[in-house]
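A.B. asks: The sequence and its predicted three-dimensional model are supplied below.
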Number of protein chains: 2
Amino acid sequence: MNTRDRILDVTTELFRRHGYNGTGLKQIVAGANAPFGSVYHFFPGGKEELGEAVIRRAGQMYLEVIEAIWDAAADPRGGVRDIFHGAAAAMVETDYIDPSPIGTVALEMASTSEPLRQATADVFESWIGYSAARLEAAGADPKRSRELAIAVVALLQGAFVLGRALRSPEPVEAAGRAAVSVVAAALTR
Amino acid sequence: MNTRDRILDVTTELFRRHGYNGTGLKQIVAGANAPFGSVYHFFPGGKEELGEAVIRRAGQMYLEVIEAIWDAAADPRGGVRDIFHGAAAAMVETDYIDPSPIGTVALEMASTSEPLRQATADVFESWIGYSAARLEAAGADPKRSRELAIAVVALLQGAFVLGRALRSPEPVEAAGRAAVSVVAAALTR
DNA sequence: GTCTATACTTTGATAGAC
DNA sequence: GTCTATCAAAGTATAGAC
């Protein structure tokens, strides 16, 4: 794998464990077996530019995972259920590392770095927009599909916070059942 | 106000904006107009002990706010609705500072500091336990009241993440309507 | 593009005078 | 209890050889 991708991979992993401020550039180059100068070669804007790239790449990867799950699911309820089940399983397997680095960076940096805040906002909007479109296609009221999608994404992000704090998959499972119930209610109306 | 409380207040405020790792001890003593040594006088365990005190105090304060809202509300739906309305208003008023420092610290530190992780877990459990008891008293199935309470807390925390990233009260309002709908469904069954 | 060395700043923490 | 001075380590960033 090339140096740039190794740097991105290691930084993503470190952000998931320690967030943006908790991750040092020295840790990153050590983990990526890269010379220190390479970070500034590939990301001239330094840590902030690297962080933004990590957020946007992780957001895109997750969007593709969500798309694949929706495509494989029989109906919207099944799609939502599978997304939360997958996330719960991932948390247990990884010893409760945050499934995605995005929520942590959003909370840490929204008041500090406008480029990073904007990157997290763009990612969340992409998830919300995609989910709203799928819910609408499944029969949800167009006027309520965005609100519904926001609730599902909020349940997922909030469940990550609780699951990580409690070191348990229970919050993700509970949030998943709530998400299915909210979606089901909107579709049978 | 005494020095110890000033330190706690300033640290809470800084955690809400920049999280645990983004807040320096020097910033704290500058903001609190306190000598540097006072931090170690009142919190011999250093930053970690101070952080734990901030988390537990904020968690207790929020629990009391939630209790007051429940007591004032006509029914559970109203209580849940008021909690989210209040949070949305607070975010707008404070230019989208995180309403509480707890979620950020939980995500940042869960894999790094066991005392801080435990403190965030204890706070979330106290919110979940109290909310579950109120829902149960209102007629929710005892077997489902905990799951319901977890979903409401997850919606709230997730909405903070999204609201902060998007700089909008929309996610908190949307999550609030979803929370009311989930609670209402569980009570009319 | 790779790698090393280094500059400069900020961090958390400690010692000791008052 | 208050306050100052200072430390060692870690933080980001840069320069320049190869």
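C.D. replies: Good, I have the coordinates.
A.B. asks: Near the closest residue in space to A:Glu170 that isn't next to it in sequence, how many residues? Count them for me, please.
C.D. replies: With sequence-adjacent residues excluded and distances taken as C-beta to C-beta, 6 or more residues apart in numbering or on different chains, A:Glu170 is closest to B:Ile150, at 7.0 Å. For the C-beta atoms, the positions are set from N, CA and C on the backbone; glycine is no exception. B:Ile150 is flanked by 28 other residues according to other C-beta atoms under 10 Å in any protein chain shown.
A.B. asks: is it true that B:Ile150 touches A:Ala174?
C.D. replies: Yes: with contact defined as C-beta atoms under 8 Å, B:Ile150 reaches A:Ala174; the gap is 4.1 Å.
A.B. asks: shaky segments in chain A?
C.D. replies: Scanning chain A for pLDDT under 70 picks out A:189.
A.B. asks: and it, which of its residues are near DNA strand C?
C.D. replies: Contacts of chain A with DNA strand C, taken as C-beta under 7 Å from any atom of the strand, map to A:Asn2, A:Thr3, A:Ala34, A:Pro35, A:Phe36, A:Gly37, A:Ser38, A:His41.
A.B. asks: so is the last one in a helix, a strand, or just coil?
C.D. replies: Yep, that's A:His41 we're talking about. Secondary structure, DSSP: H, G, I helix; E, B strand; the rest coil: A:His41 is helix.
A.B. asks: For it, grab the count of nearby residues.
C.D. replies: Counted with other C-beta under 10 Å, residues neighbouring A:His41 total 13.
A.B. asks: what's the answer for the fourth one, then?
C.D. replies: By the measure other C-beta under 10 Å, the count of residues near A:Pro35 is 10.
A.B. asks: Which positions in chain A make contact with DNA strand D?
C.D. replies: Residues of chain A lying near DNA strand D by C-beta under 7 Å from any atom of the strand: A:Thr23, A:Gly24, A:Leu25, A:Lys26, A:Gln27, A:Phe36, A:Gly37, A:Tyr40, A:Gly46, A:Lys47, A:Glu48.
A.B. asks: Out of these, which comes closest to B:Ala185?
C.D. replies: Lowest distance from B:Ala185 to those (C-beta to C-beta) belongs to A:Thr23, with 41.3 Å.
A.B. asks: any idea how far A:Glu108 is from the closest one?
C.D. replies: Going from A:Thr23 to A:Glu108 by C-beta to C-beta, to the nearest Å gives 11 Å.
A.B. asks: neighbour count winner among the two?
C.D. replies: Using other C-beta under 10 Å as the criterion, A:Thr23 and A:Glu108 rank with A:Glu108 on top: 29 against 26.
A.B. asks: What's the local residue count around the residue nearest to the more buried one when sequence neighbours are not counted?
C.D. replies: Nearest residue to A:Glu108 in three dimensions, chain neighbours excluded: B:Gly19, at 4.3 Å (C-beta to C-beta, 6+ apart). B:Gly19: 29 surrounding residues under other C-beta under 10 Å.
A.B. asks: Verify the contact between B:Gly19 and B:Gly103 for me.
C.D. replies: No: in this structure, B:Gly19 is not within contact of B:Gly103 by C-beta under 8 Å, at 9.7 Å.
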